[in-house]
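Asks: I'll drop the sequence and a predicted model, then ask my questions.
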Amino acid sequence: MGGMAIRLHGLSKSFGRTEAVIGVDLEIADGEFFSMLGPSGSGKTTVLRMIAGFEAPTSGTVELAGRDVTRLAPFERDVHTVFQDYALFPHMTAEQNVAYALKIRKVPRNERLHRAREALAQVRLDGLGGRRPSQLSGGQRQRVAL
């Protein structure tokens, strides 16, 4: 094996008052197989987005092959990432995304909002209906899409 493929030092990311990632230190050697496991909302996707350059860390550094790439654009990094796309409308809240099909079917507003809130509660997202997809974790977006 060669050197370090990925090194994260003190990597943190906050979205307003929400701390999505707190002080991650990680080294992955060249050729090493690595998996991140954790519950929905634990910051896994946010860490991957920071490695790829799609999110800027609030603090800390990202090194790829020994080079600090923390402030480089995604196209300036030698990283290839495939994210799942859940086809959510980014300008709508989670609740609006869930209620959209009912709106198209001309279900009355009160009923569709009630049904959307029930659906969000079923997938344990009650209280998050006002967030836009970009404010949700990957697992949360997946549950909104369901």
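Replies: That came through fine.
Asks: rest of the way, CA atoms for contacts and neighbours
Replies: OK.
Asks: Where does the prediction get shaky in this structure?
Replies: 1-2, 81-85 (pLDDT under 70).
Asks: which residues in it form helices?
Replies: For the chain, applying DSSP state H gives helices covering 44-52, 94-104, 109-122, 138-145.
Asks: now those helices as TSV including mean neighbour count?
Replies: Converted to TSV, the helices of the chain look like this (neighbours: other C-alpha atoms under 10 Å):
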stretch	mean neighbour count
helix 44-52	21
helix 94-104	20
helix 109-122	16
helix 138-145	20
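Asks: between those, which one is nearest to residue 128?
Replies: Taking C-alpha to C-alpha, helix 94-104 is the member of the helices of the chain nearest to residue 128, at 7.2 Å.
Asks: Show residues contacting that closest one.
Replies: Here helix 94-104 makes contact (C-alpha atoms under 8 Å, 6 or more residues apart in numbering) with 88-89, 109, 112-113, 115-117, 119-120, 128-133, 144-145.
Asks: Residue 67 bridge partners, please.
Replies: For residue 67, the beta-bridge partners are residue 64 (DSSP bridges).
Asks: how many neighbours does it have?
Replies: 13 (other C-alpha atoms under 10 Å).
Asks: Equivalent analysis for the one 4 residues further on, please.
Replies: Here the neighbour count serves as a burial measure; for residue 71 (other C-alpha under 10 Å) it reads 14.
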